[in-house]
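> next one to model:
(chains A and B)
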Number of protein chains: 2
Amino acid sequence: MEFIDRREFLARTGAAVAIGAVASQQGIAESAETPTEQAVGTLGPAGSYSHRAALQVNNQVKFYETMFAAADAVSSGEVQAAILPIENSIQGAVIDTLDILEDRDLYITAEVNVEIRHALMAQSPDFTKVASHPEALAQSSDYLSREYPNAEFHEVDSTSAGVELATTDGSVAAVAHPDLAEKNDLELLATDIQNVSNNVTRFIRLETEPATEGTKSTLLLYPGREPPALSSDVLDILRDADIDFTRFEARPSTKALGDYVFHADFEDGDPEAVIDAIEPAFDWVQYLGTYDLIMDCR
Amino acid sequence: MEFIDRREFLARTGAAVAIGAVASQQGIAESAETPTEQAVGTLGPAGSYSHRAALQVNNQVKFYETMFAAADAVSSGEVQAAILPIENSIQGAVIDTLDILEDRDLYITAEVNVEIRHALMAQSPDFTKVASHPEALAQSSDYLSREYPNAEFHEVDSTSAGVELATTDGSVAAVAHPDLAEKNDLELLATDIQNVSNNVTRFIRLETEPATEGTKSTLLLYPGREPPALSSDVLDILRDADIDFTRFEARPSTKALGDYVFHADFEDGDPEAVIDAIEPAFDWVQYLGTYDLIMDCR
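Take a look at the predicted model:
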């Protein structure tokens, strides 16, 4: 069982008992004039890539400790929408968000792409430690081990937490989005130090009501409990519907091994017509919304 | 970036620098008569579910700290095969193993299903702490919080580590597979305390040469860089091949957002004929082996 992502599983099972309360939150009002109900919720802390995505949608952002808590805040009306990552070009699907789409009565109303960029920043070039989120350190490991082979790595909870350390401690450099250097009066020592380029994360906006128009639609498709997952009958009907699926992602139904729900995206099709055409192949089809890319944030 | 599984990303990028050497290992010879080269490698420690799966294949098991290290040990000839989890009925795909299948020149030669079962064990019913791997605690949280609302949770690296603690400390109970109670002279206080039944993990055996026969085959399919991932052309050819896919899993190609490699399983088909039929729809098709379920271990 050591291969299961811990945070994800805990969140799925609602096992707050093992990690403490999951729904605690810290709100940051970016604009005092906008009522709180108009805020969007996302994963904190401030300065994270989720925050960057959320700011493309709304300048008032509330931060939550888990994606599940952010989604629940939409259902309860505490925020008008949640901005959640659904897919990264290197890592693939963000499982928590796929599960939220299956479990919550929410719709995708927009998407936002955010490029993940890492920069090195510090009070001066004379630092001895590099602090950041473990993935940011890993994603910048080629550059860091080549240019600073003697620097000590210090793992913190977020790229923003690393920046905070660097602002208070001159011996610490941070790896974070380049914008955070100027905002925190740090010297930008290097930009684009990530090992792999094309590191883009797609975020979705989730709301309680679907949008009325858009070019891209998402469906959940459940072929039924009996294997095979994608039988020739199912392929037959999918093909006859003449749809180009831009994403086709399997998630376990949790009923049995090999029993899947598919998350399917398509573009430029009338969702109602598509659902009518493919419904015979599936036990159920659930509509998750039609939406547009509202901002490509690089 | 806080949504990315850390261990997985580090392993993917080979960023050993951030977490220390990944390939350190501890070997446990279960049978002194068998030469080491005949051992199978898996994720440690002893007593883990990976160990249970490996014992279905071979009674000599070597333990590795990561799945990547276990796979490398097959390539280098240090072990004859690796036993790796590929899919769990609740969690879904095990990303590390999918990536190993894409990156290493190894074949799937068998599969083993192992049911995940949790039991509570201690020196006596008078314990104050429950120690286990975080997922095992989370997966048993309904029972534990109902029956032992005052017990303190103690997270350790594996279910086996929790059992070890329980054997040395009478105030600690462990959550682990029921077999570990008797083996460690602990009292079995409750069995099947997991929240969700049908928790089965599928493991694969990986070797340097494919098996010569079997009923199930696995392919990697790459439709090409241009979206859409599953265009009507691709569906057309998949349908004409008249195959029932029992699994169809998308993994990012890492080249661009929305660019996927598919992991596809089918049963009862001649892999050569299937590859010939579907090859026109894909930029490349890679054969990962034909194999049987060798043991359903409950």
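
> what's the closest non-adjacent residue to residue A:283?
Nearest non-adjacent residue to residue A:283, counting by Cβ to Cβ, 6 or more residues apart in numbering or on different chains: residue A:224, 4.1 Å away. Using the backbone N, CA and C atoms, a C-beta is placed for each residue, glycine as well.

> surely that neighbour is in a helix?
No. Using DSSP: H, G, I helix; E, B strand; the rest coil, the secondary structure at residue A:224 is coil, not a helix.

> run a quick neighbour tally on it.
Look at residue A:224: counted by other Cβ atoms under 10 Å in any protein chain shown, it has 14 neighbours.

> what's the weakest-modelled helix or strand in chain A?
Sorted by mean pLDDT, DSSP states H and E, the helices and strands of chain A end with helix A:16-19, the least confident at a mean of 25.

> the residue nearest to residue A:283 contacts residue A:281, correct?
No. In this structure, residue A:224 is not within contact of residue A:281 by Cβ atoms under 8 Å, at 9.2 Å.

> OK, contacts around the nearest residue to residue A:55 once chain neighbours are set aside?
Counting by Cβ to Cβ, 6+ apart, residue A:61 is the residue found nearest to residue A:55 once chain neighbours are left out, at 6.5 Å. By Cβ atoms under 8 Å, 6 or more residues apart in numbering or on different chains, residue A:61 lies in contact with A:28, A:30, A:39-42, A:46, A:51, A:54-55.

> list the buried residues in stretch A:173-185.
Neighbour counts over stretch A:173-185 (16 or more other Cβ atoms under 10 Å in any protein chain shown) mark A:173-178, A:180-181, A:184 as buried.

> and stretch A:201-215, what's buried?
A:201-207, A:210, A:214.

> over to stretch A:63-80?
A:63-74, A:78-80.

> now, the most widely separated pair of the buried residues of stretch A:201-215?
Comparing every pair within these by Cβ to Cβ identifies A:201 and A:210 as the most remote, at 23.1 Å.

> tell me the secondary structure for the residue of chain A most remote from its centre?
Here the centre of chain A is the reference, and by Cα atoms, centre = their mean the most remote residue is residue A:126, at 34.6 Å. Put simply, residue A:126 is coil when judged by three-state DSSP.

> before we move on, the earlier item: what score does the residue nearest to residue A:55 have for pLDDT?
For residue A:61, the model assigns a pLDDT of 95.

> just list whatever residues bridge to it.
For residue A:61, the residues forming beta bridges with it (DSSP bridges) are residue A:28, residue A:40.

> how about the residues of the stretch 51-200 of chain A near chain B?
With the criterion set to Cβ under 8 Å from any Cβ of the partner chain, the stretch 51-200 of chain A comes near chain B through A:67, A:85, A:87-96, A:113, A:116, A:133-139, A:141, A:144-145, A:153, A:155, A:157-159, A:195-196, A:198, A:200.

> please redo it, this time with the cut-off set to 7 Å
Within reach of chain B by Cβ under 7 Å from any Cβ of the partner chain, the stretch 51-200 of chain A has these residues: A:85, A:87-92, A:94, A:96, A:113, A:116, A:133-139, A:141, A:145, A:153, A:158-159, A:195-196, A:198, A:200.

> now those: which count as buried?
A:85, A:87-92, A:94, A:96, A:113, A:116, A:133-139, A:141, A:145, A:153, A:158-159, A:195, A:198, A:200.

> those residues in strands, which ones?
Applying DSSP state E to those, the entries found in strands are A:85, A:87-88, A:92, A:113, A:153, A:200.

> can I see the domain layout of chain A?
Listed domain ranges for chain A are A:6-116+A:199-207, A:119-190, A:216-292 (source: automatic domain parsing).

> now render these as CSV, adding distance to residue B:268.
Shown next, in CSV, are those (distance: least, Cβ to Cβ, whole Å):
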stretch, distance to residue B:268
domain A:6-116+A:199-207, 29
domain A:119-190, 41
domain A:216-292, 10
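
> where does the prediction get shaky in chain A?
Applying pLDDT under 70 to chain A picks out residues A:1-37, A:296-298.

> please report the distance of the residue most central in space within it from residue A:105.
Nearest residue to the geometric centre of chain A (Cα atoms, centre = their mean): residue A:85, 1.3 Å. Note on residue A:85: its distance to residue A:105, by Cβ to Cβ, to the nearest Å, is 20 Å.

> hey, which strand is longest across chain A?
Across chain A, the longest stretch assigned as strand under DSSP E is strand A:284-297.

> which helices and strands sit right next to that strand?
Contact partners of strand A:284-297 among helices and strands, from 3 or more Cβ pairs under 7 Å, 6 or more residues apart in numbering or on different chains; DSSP states H and E: strand A:107-115, strand A:216-222, helix A:271-278.

> next, residue A:190: phi, psi?
For residue A:190, the backbone dihedrals (degrees, to the nearest 10) come out as phi -160, psi 150.

> nearest residue to it other than its sequence neighbours?
In space, residue A:190 is closest to residue A:120, 4.5 Å off (Cβ to Cβ, 6+ apart).

> and what of residue A:241?
Per Cβ to Cβ, 6+ apart, closest to residue A:241 is residue A:277, 3.9 Å.

> residues near that neighbour, how many?
17.

> isn't it right up against residue A:239?
No. Counting by Cβ atoms under 7 Å, residue A:277 does not reach residue A:239; the two are 10.5 Å apart.

> any shared contact partners between the two?
With contacts defined as Cβ atoms under 7 Å, 6 or more residues apart in numbering or on different chains, no residue is shared by residue A:277 and residue A:239.

> just to check, residue A:80 is in contact with residue A:57?
No. Using Cβ under 7 Å as the test, residue A:80 is too far from residue A:57 to be in contact (9.6 Å).

> give me the common contacts of those two.
Common neighbours of residue A:80 and residue A:57, counting by Cβ under 7 Å, 6+ apart, are residue A:40.

> ok, back up a step: among the buried residues of stretch A:63-80, which lie within helices?
Applying DSSP state H to those, the entries found in helices are A:67-74.

> looking at those residues, which is nearest chain B?
Of all these, chain B sits closest to residue A:67, with 7.2 Å by Cβ to the nearest Cβ.

> residues in contact with the closest one?
For residue A:67, the contact set (Cβ under 7 Å, 6+ apart) comprises A:43, A:84, A:96-97, A:100.

> the helices in the stretch 101-250 of chain A, which residues?
Counting by DSSP state H, counting those that start in this stretch, one finds helices in the stretch 101-250 of chain A at the ranges A:134-139, A:141-147, A:159-168, A:179-183, A:232-240.
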